[in-house]
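J.: no sequence on this one, just coordinates:
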């Protein structure tokens, strides 16, 4: 039951950004360039990946990252993600989804 709810929630959140996401580059390096002129598409893509990560984090036994309050605001999170990606060209060869995940994991580590 819980998984069904999470799937429905994920679809509801992802639906609006799916149309914009169609033109988002598949590679992280191209995504960084894309974000310079397509802020709405950039924010939508980061929001979609971040939301999926939040949903997965609630059902995961071990967390790779820990959400922070400022990350809930996409106008705060997106520049952090694109800034991290710009500063880490080693991530540019990965898929856009993996690059965004990598950035979020590095930006929001769990404090131990």
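T.: Perfect, thanks for sending it. Quantities reported herein were computed from a predicted structural model and do not represent experimental measurements.
J.: tell me the helix or strand right after the lowest-mean-pLDDT helix or strand in the chain.
T.: Within the chain, confidence by mean pLDDT, DSSP states H and E is lowest for helix 2-21 among all helices and strands, at a mean of 49. Counting by DSSP states H and E, the element after helix 2-21 in chain order, helix or strand, is helix 28-35.
J.: list the buried residues for that following helix?
T.: 28, 29, 31, 32, 34, 35 (16 or more other Cβ atoms under 10 Å). All C-beta atoms are positioned from the backbone trio N, CA, C, and that covers glycine.
J.: could you dump these to JSON lines with distance to residue 62 and pLDDT?
T.: Compiled in JSON lines, those are given as follows (distance: Cβ to Cβ, whole Å; pLDDT from 0 to 100):
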{"residue": "28", "distance to residue 62": "25", "pLDDT": "98"}
{"residue": "29", "distance to residue 62": "30", "pLDDT": "98"}
{"residue": "31", "distance to residue 62": "28", "pLDDT": "98"}
{"residue": "32", "distance to residue 62": "29", "pLDDT": "98"}
{"residue": "34", "distance to residue 62": "32", "pLDDT": "98"}
{"residue": "35", "distance to residue 62": "30", "pLDDT": "98"}
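J.: nearest to residue 57 among those?
T.: Using Cβ to Cβ, residue 28 is the member of those that lies nearest residue 57, at 21.2 Å.
J.: which neighbouring elements make contact with the helix or strand residue 101 falls within?
T.: With secondary structure defined by DSSP H and E, residue 101 is part of helix 96-107. Under the contact definition 3 or more Cβ pairs under 8 Å, 6 or more residues apart in numbering; DSSP states H and E, helix 96-107 sits against helix 28-35, helix 39-59, helix 74-87.
J.: of all these, which one is nearest residue 95?
T.: Within the helices and strands packed on helix 96-107, the stretch nearest residue 95 is helix 28-35; the backing value is 6.9 Å (Cβ to Cβ).
J.: tilt between that closest one and helix 96-107?
T.: Angular relation of helix 28-35 and helix 96-107 on a 0 to 180 degree scale: 90 degrees, by axes from the mean of the first three to the mean of the last three Cα atoms, to 10 degrees.
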